[in-house]
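quick one, fold the following:
(chains A, B and C)
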Amino acid sequence: MSLSPDQIQQLARLVRLKFTESEADDLSEQLNDIISMVEQMNQIDTRHIQPMSHPQDMRLRLRKDIVTEKDRHKEFQSGAPATDSGLYLVPRVVE
Amino acid sequence: MECRTALEHSRALKGKEYSSVELTRALLEHSQSCADLNAFITLTSEQALKQASHADRLIAKGEGGPLTGIPLVHKDLFCTKDVRTTCGSRILDNFISPYDATLVERLQQAGMVMLGKANMDEFAMGSSTENSYYGPTRNPWNHERVPGGSSGGSAAVVAARLAPVATGTDTGGSIRQPAALCGLSGIKPSYGRVSRYGMVAFASSLDQGGIMALTSEDCAYVLQAMSGFDEKDSTSINQPVPDYANSLSDSIAGKAVGLPKEFFTDGVDEEVAEAIRESISVLEGLGARMVEIDLPNSAAGIPCYYVLAPAEASSNLARFDGVRYGHRTFEYTDIIEMYEATRSEGFGPEVKRRLLIGAYVLSIGYFEAYYVKAQKLRRLIADDFSRAFEKCDVIVGPTTPTTAFPIGLKTDDPVQMYLNDVFTNSANLAGLPAMSIPAGFDRQGLPIGLHLIGKYLDETTILNVAHQYQLNTDWHQRIPEGYA
Amino acid sequence: MMQWEPVIGLEVHVQLMTDSKLFSGAPIAYGAHANHQACPVSIALPGVLPVMNLEAARLAVRFGLAIGAKVEKRSVFERKNYFYPDLPKGYQISQYKHPVVSGGSLTIETGTGDRVIGITRAHLEEDAGKSVHENFHGMTGIDFNRAGTPLLEIVSEPDMRSAEEAVAYLKKLHALVRYFEVSDGNMQEGSFRCDANVSIRPKGNPELGTRTELKNINSFRFVEKAINFEIERQIDVLEDGGMIIQETRLYDSERDETRSMRSKEDAQDYRYFPDPDLPEMILDDEFIEEVRANLPELPNHRKSRYEQEFSLSPPVAEKLLRDRDTADFFERVCERSRSDPKTIANWINGELTALLNERNIEISDSPVDSDRFTALLDHMADKTLSGKMAKEVLMHLANDPSDVDAIIESKGFRQITDSSEIERVVGEVLDANAPQVRQYREGNQKVFGYLMGQVMKATDGKADPGQVNQILRNLLE
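Next up, the predicted model:
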């Protein structure tokens, strides 16, 4: 598999990045190097192997349903890019 | 006094040879005079002196533990209340955390004094500390060389004796590789041993906090203080932490040391290989038994890692969107533009590459071929270790294939850069404790690291072996020229 | 004319009745000030981690058991990745490939008999924040109070064939989650939200048509209207030779129409993968059995028990079972009262319900508790009170915390049951109404009612009507 500059732009949209055409060209080369390295995986047979999501097979610990958090929005918003009336402001979003 | 280990400082503080405030002041001054290393992102002199004088009061009352009053530096990936936490990224350049990471809190509880926040590869992505918004850190052993990464700032701090210990994080080798390249002892404990709460996530299933120091003994004490169950982290292990220091002086006679032939290949620099062979004879001289083992799937470690880590990262870094904290672009007309400009300005090239790779391996049509395939390899790699540990107590090999490389050498070749992790990342994939300790120098005077991998939850054995090795070698006592 | 058959499946988001969020200890109280309930996890500060709420797991299991589904011992939280300003982490934690509940069903009653609607799955997930479109200099405000609220998404099979069936299913589901205290089901507060997948196909054709997803239908009435509108729209499109586009449509209740949501970009790719911050959720038998042991009696069991044990008619039993508190109230009264269960049921469904409706309150907040209600009915059973008097006493009880006896005493609500007293009054009435007595004896039966009325009037309505009837008849014959 190799990634074209167009595909790079599609992936960029998914992760909300923007690249110029020449950046996408350079990236396409670098990413294709990485992908061919990654594809060495295919040399190993993994039939009948269970995928592993966590480094050790752990089980989820469940927390008691207790309210432990207090209002600290002023503190949290002190470094926020834009707020008003306790709300975080973003460019208009229309459904 | 600056060149002492943490435990030496501890004895000196208790013996009233000097105070924590005096030590702190001296190290802060030293740090300022070593600004050319670019090891720090933030120095926290004022808070440090406050914490030091508090520690002095405790020591005067005969209170406090072995780490009370001992200065340290945190990797700038750990959230510190009221002190900026940048992760080496422009996107968090202005971010001040409203809370302390669990690790930070615990070391503070232990009486340690934070001198500042260390430079690092942006979001811990890198092996050279060249990927920092704040510029590269230099290796104290040779300023033209990288200190390794991603915890390169922490490594440079300790190697230059700007602090006796520094915290780091290790996702694929980010504690052990810089420890090796800077001539330090560095340990990444078992996954789940140290809480990840407040440690800004790169790849959540691989990230683990740890420590770099001048000796494995210091590592044992600091690791003890930072380890243990934390209910704020669902992957934290609820198991008692053994008394690491207690077992340091145990004999290693009869211990089975596994030598995987896969770690002694042509890819390893001959000088490095030679130093590792010598280290092995030191261990043999201490009565350890060498056992040949197989890790047949270890070649898959790098490809597997470079699928899983970017996949998790692409999701973990989505929260940096300019809405609630951190950088927001100046000009935008709609939300998409705001996101794209904010993130494109905020992240550096390596982070962007990994976000794209991560999105790619998770996307429809590629998920099975890349992500699931890598998850299966992960199991094969973990199973290899389980089988190997039926025959041995610890696995050793080189930490890195080469010593520190020149700044700029690999920045344009991501794949070459990734190969730095070839021996280290399998321990992350399997969640095992692993350590690097100084094992010699090459002809250019650059440090070489010996890599030790332990059984799951058995930090005790690797710390014990490392300590016994250090009682019989002096590589760890060498100081880079100009920093004595 | 082609006969079209609608095919409808519903996805219902139910807010679980917990105190804290799904993955953090922040409160989820409704109506808090903006971002006052937005803790570090809710706003996704760097470095924070999710820790799963035990009660949410318990409620999901309870729901699974209630619908006879399979409770999965192993379920997996995954990340659904997309950018939206109300989604703080850039991903939503949701169960995807391995939901906690799978394969249950609900039986609904329709005009043509009972229908079993399959429930494919129910999975746990967190809610997003809320966008506030007031005027902030042309910007949108984001409130993260709701972010992280625990939801159970209940997905039905495409088993419904009309809007009416969809509404019947929703009502049944709504009653069930309330009955089992999985959710308060409050629709105004968004605790019970519905999306509908609608398609049509020629009747008899087994293949499914292209479906559209209707969002934003948050009342039973709108569900019916939105689905009916959409069915008509699809029929029009197909009969005009057009094609249905698979898309999400928004229901506009003011215009009573659905319209396409502008898709801002190419197809979404959510890049689901297991959340590395959350190991697999393993629920052991012990846990599931504990939930089962604490399950209230299933409504269907209870209904047939009411029909057999208490000889209640199905509609009366059904009405008592509209929520668990009402059924429990009924059973508490039955246990202690001398009245017969039918009377008790009728009084709860009738007088008491009217009183509660008038005040717009739940039975759990009823001003007349089951003790006083029992005493009231018992006084009717022992004829201290007539039915009419009991109704009046109930009104007094609603405004006065005194016990029933005290109210009867103070307001003089005692029925006259002393037959000599009644005979005396009847005698007086007959004396005073000689013409009517004569008419009656000449065969005019209608006058009887008039005379009855006169006796009741003379006793201020306190005489036992049964006795009056008896005595009046005796004296007239």
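
which SS class is the nearest residue to residue B:125 once chain neighbours are set aside?
Nearest residue to residue B:125, sequence neighbours excluded (CB to CB, 6 or more residues apart in numbering or on different chains): residue B:350, at 5.2 Å. Using the backbone N, CA and C atoms, a C-beta is placed for each residue, glycine as well. Taking DSSP: H, G, I helix; E, B strand; the rest coil as the rule, one finds residue B:350 in the helix state.

wait, doesn't residue B:350 sit right on residue B:122?
Yes. Contact between residue B:350 and residue B:122 holds when scored by CB atoms under 8 Å: they sit 6.6 Å apart.

any regions of chain C where pLDDT drops low?
C:1, C:262-267 (pLDDT under 70).

just to revisit the earlier point, okay, residue B:350 and residue B:122: which has more neighbours?
residue B:122 (30 against 21; other CB atoms under 10 Å in any protein chain shown).

list the contacts for the most centrally placed residue in chain A?
By CA atoms, centre = their mean, the mean C-alpha position of chain A lies nearest to residue A:15, the distance being 6.4 Å. By CB atoms under 8 Å, 6 or more residues apart in numbering or on different chains, the residues touching residue A:15 are B:314, B:318, B:343, B:355-356, B:358-359.

before we move on, what about residue C:372?
C:397, C:403-404 are the contacts of residue C:372 under CB under 8 Å, 6+ apart.

residue B:231 too?
A:61, A:63, C:51.

near chain B too, which of those?
A:61, A:63, C:51 (CB under 8 Å from any CB of the partner chain).

need the contacts of residue C:372 in TSV with neighbour count, distance to chain A and secondary structure, can you?
What follows is these, written out as TSV (neighbours: other CB atoms under 10 Å in any protein chain shown; distance: CB to the nearest CB, whole Å; DSSP: H, G, I helix; E, B strand; the rest coil):
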residue	neighbour count	distance to chain A	secondary structure
C:397	23	37	helix
C:403	13	38	coil
C:404	25	40	helix
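
for the residues you listed, which one is nearest residue B:173?
residue C:397 (76.5 Å; CB to CB).

show me what counts as buried in the strand or helix carrying residue C:393.
Assessed by DSSP states H and E, residue C:393 sits inside helix C:387-399. For helix C:387-399, a neighbour-count test (16 or more other CB atoms under 10 Å in any protein chain shown) marks C:389-391, C:393-394, C:396-398 as buried.

can you redo those residues as JSON lines with distance to residue B:13?
Below are the buried residues of helix C:387-399 laid out as JSON lines (distance: CB to CB, whole Å):
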{"residue": "C:389", "distance to residue B:13": "89"}
{"residue": "C:390", "distance to residue B:13": "85"}
{"residue": "C:391", "distance to residue B:13": "86"}
{"residue": "C:393", "distance to residue B:13": "83"}
{"residue": "C:394", "distance to residue B:13": "80"}
{"residue": "C:396", "distance to residue B:13": "81"}
{"residue": "C:397", "distance to residue B:13": "77"}
{"residue": "C:398", "distance to residue B:13": "76"}
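
chain C contacts on chain A?
A:10, A:13-14, A:16, A:53-54, A:58-69, A:71-73, A:76-77, A:82, A:84-95.

relative to residue B:263, how far out is residue B:291?
13 Å (CB to CB, to the nearest Å).

compare the two (neighbour count), which wins?
Between residue B:291 and residue B:263, counted using other CB under 10 Å, residue B:263 has the larger neighbour count: 25 against 14.

who's in contact with that one?
B:295, B:298, B:397-398, B:423, B:451.

same thing but at 6 Å, please
B:397, B:423 (CB atoms under 6 Å, 6 or more residues apart in numbering or on different chains).

could you do residue C:283 as well?
residue C:73.

dihedrals phi and psi, it?
Here is the backbone geometry of residue C:283 (degrees, to the nearest 10): phi -110, psi 120.

then residue B:473?
The phi/psi pair for residue B:473 (degrees, to the nearest 10) is phi -140, psi 170.

which non-adjacent residue is nearest it?
residue B:282 (6.1 Å).

which helix or strand contains that neighbour?
Judged by DSSP H and E, residue B:282 forms part of helix B:270-285.

circling back to that earlier point, next structured bit after the helix holding residue C:393?
helix C:404-411.

list the contacts of residue 81.
You didn't pick a chain, so chain A it is. Residue A:81 touches B:322, B:328, counting by CB under 6 Å, 6+ apart.

the intended chain is chain C.
Taking CB under 6 Å, 6+ apart, one finds B:315, C:91, C:270-271 in contact with residue C:81.

buried ones among the residues you listed?
B:315, C:91, C:270-271.

give the next helix or strand downstream of the helix or strand residue C:431 falls within.
Assessed by DSSP H and E, residue C:431 sits inside helix C:419-432. Counting by DSSP H and E, the element after helix C:419-432 in chain order, helix or strand, is helix C:434-441.

how far off centre is that following helix?
56 Å (CA atoms, centre = their mean, to the nearest Å).

what's the angle between it and helix C:419-432?
Here helix C:434-441 runs at an angle of 100 degrees relative to helix C:419-432 (axes from the mean of the first three to the mean of the last three CA atoms, to 10 degrees).

can you name every helix or strand that helix C:434-441 contacts?
If contacts are counted by 3 or more CB pairs under 6 Å, 6 or more residues apart in numbering or on different chains; DSSP states H and E, helix C:434-441 sits against helix C:447-458.

helices or strands next to the helix it packs on in the packing?
helix C:419-432, helix C:434-441.

so what touches it?
By CB under 6 Å, 6+ apart, helix C:447-458 touches C:425-426, C:429, C:436, C:439-440, C:468.

how about the residue nearest to the centre of chain A, nearest residue that isn't a chain neighbour?
residue B:355 (4.4 Å).

pretty sure the one you found contacts residue B:312?
No. Residue B:355 lies out of contact with residue B:312 (CB atoms under 6 Å); the separation is 11.1 Å.

can you give me the strands for chain A?
Using DSSP state E, the strands found in chain A span residues A:83-84, A:87-91.

nearest to chain B: which residue in the stretch 351-477 of chain C?
Scanning the stretch 351-477 of chain C for proximity to chain B using CB to the nearest CB identifies residue C:364 as nearest, at 34.4 Å.

so what would you say the end-to-end distance of stretch C:32-49 is?
In stretch C:32-49, first residue to last residue: 24 Å (CA to CA, to the nearest Å).

quick check: next helix or strand after the helix or strand where residue B:177 lies?
Using DSSP H and E, residue B:177 maps to helix B:176-182. Downstream of helix B:176-182, the first helix or strand assigned by DSSP H and E is strand B:185-188.

picking up where we left off before, if you drop the residues flanking it in sequence, what lies closest to the residue of the stretch 351-477 of chain C closest to chain B?
In space, residue C:364 is closest to residue C:325, 4.8 Å off (CB to CB, 6+ apart).

look up phi and psi at the one you found.
According to degrees, to the nearest 10, residue C:325 has phi -60, psi -40.

so what's the residue of chain A found nearest chain B closest to, chain neighbours aside?
Chain B sits closest to residue A:55 of chain A, with a gap of 2.8 Å, by CB to the nearest CB. Nearest non-adjacent residue to residue A:55, counting by CB to CB, 6+ apart: residue B:431, 2.8 Å away.

next, count neighbours for that neighbour.
Neighbours around residue B:431, by other CB under 10 Å: 27.

pretty sure it contacts residue B:191?
Yes. Contact status for residue B:431 versus residue B:191: in contact at 3.5 Å, counting by CB under 6 Å.

and the residue of the stretch 101-250 of chain B found nearest chain A, what does it touch?
Closest contact between the stretch 101-250 of chain B and chain A, by CB to the nearest CB, is at residue B:191 (4.3 Å). By CB under 6 Å, 6+ apart, residue B:191 lies in contact with A:55, B:208, B:431.

which one of those residues sits closest to residue B:161?
residue B:208 (25.9 Å).

mind listing the residues bridging to that closest one?
residue B:170 (DSSP bridges).
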